[in-house]
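Enquirer: Got a sequence here, can you build the structure:
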Amino acid sequence: MPRISEKIESVQTRLLNAAQYAELPLLLAVSKTRSADDIQEAATCGLIHFGENYLQEALPKIAALKNLHLVWHFIGSIQSNKTTDIANHFDWVHTVDREKIARRLSEQRPETLPDLNLLIQINIDTEDSKSGVRVEDLSTLAEAISSLPRVKLRGLMAIPKPRTDYAEQLAVCQRVRTEFERLQQLYPEIDTLSLGMSADLEAAIEAGSNLVRIGTDIFGARPAHNQAEN
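Expert: Predicted structure coming up:
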């Protein structure tokens, strides 16, 4: 079985190939269900940014690896009773889709830490089963977040529903990019589009994503009992 270092090299090659005519995106390693040892191995290969979905699983890993000075992204669904720990231990949050959550993160972010970077999750396919703000409500939520202290609105995140056809992948990614650009017109400081995973990173990069979230292609398949995507 390929080592994590070999998998990272393979992913980085895909990124370079996909970005020949576009910006090379930031690689966020999705480390949910992975051990601190796995993350440390990935870090020795030069990765700095890691994404976690489950707070209780993430906190011990963040503590164990604090000397590595990694950048931690929360990319899971956010419950109100989890916001204090998220505000205290993460650098980025990708999944803000309610003003209530943004306000709690703002209130609970320690003044001793840098502003917490927030991305609004947009439900581009309007799936009832998926989190995210609907397109028509995006500007209202962005306005609310932009006025909050100790947090900084950085951009958008989306998880389009799976598509196998490249043209269809590209089309939906371009729709997300359009919403991102509309938001940038109102908030020029916005600079991050978190879009693209293992199955659609090429389309996402072509559409303009500058942050891709890769898990399986770095760390291998997750245990069978915990393979649901988030």
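
Enquirer: how about Leu15, secondary structure?
Expert: State at Leu15, reduced to three classes by DSSP: H, G, I helix; E, B strand; the rest coil: helix.

Enquirer: With Arg182 instead?
Expert: Quick answer, by three-state DSSP: Arg182 is helix.

Enquirer: I'd like the distance between it and Gln20.
Expert: According to C-beta to C-beta, to the nearest Å, Arg182 stands 27 Å off from Gln20. Every residue, glycine included, has its C-beta placed from N, CA and C.

Enquirer: and if you look at Thr178?
Expert: On the measure of C-beta to C-beta, Thr178 and Gln20 end up 23 Å apart.

Enquirer: Among these two, which residue is more densely surrounded?
Expert: Thr178 (14 against 9; other C-beta atoms under 10 Å).

Enquirer: Over to Val71: give its phi and psi.
Expert: Here is the backbone geometry of Val71 (degrees, to the nearest 10): phi -110, psi 120.

Enquirer: For Leu119, which three-state class applies?
Expert: strand.

Enquirer: which residues does it form a beta bridge with?
Expert: Gly155 (DSSP bridges).

Enquirer: Quick check: it vs Ile214, distance?
Expert: Taking C-beta to C-beta, one finds Leu119 at 17 Å from Ile214.

Enquirer: residues in contact with Leu28?
Expert: By C-beta atoms under 8 Å, 6 or more residues apart in numbering, Leu28 lies in contact with His49, Phe50, Gly51, His73, Ile75, Ser194, Leu211, Val212, Arg213, Ile214.

Enquirer: That one is in what secondary structure piece?
Expert: Per DSSP states H and E, Leu28 falls inside strand 26-30.
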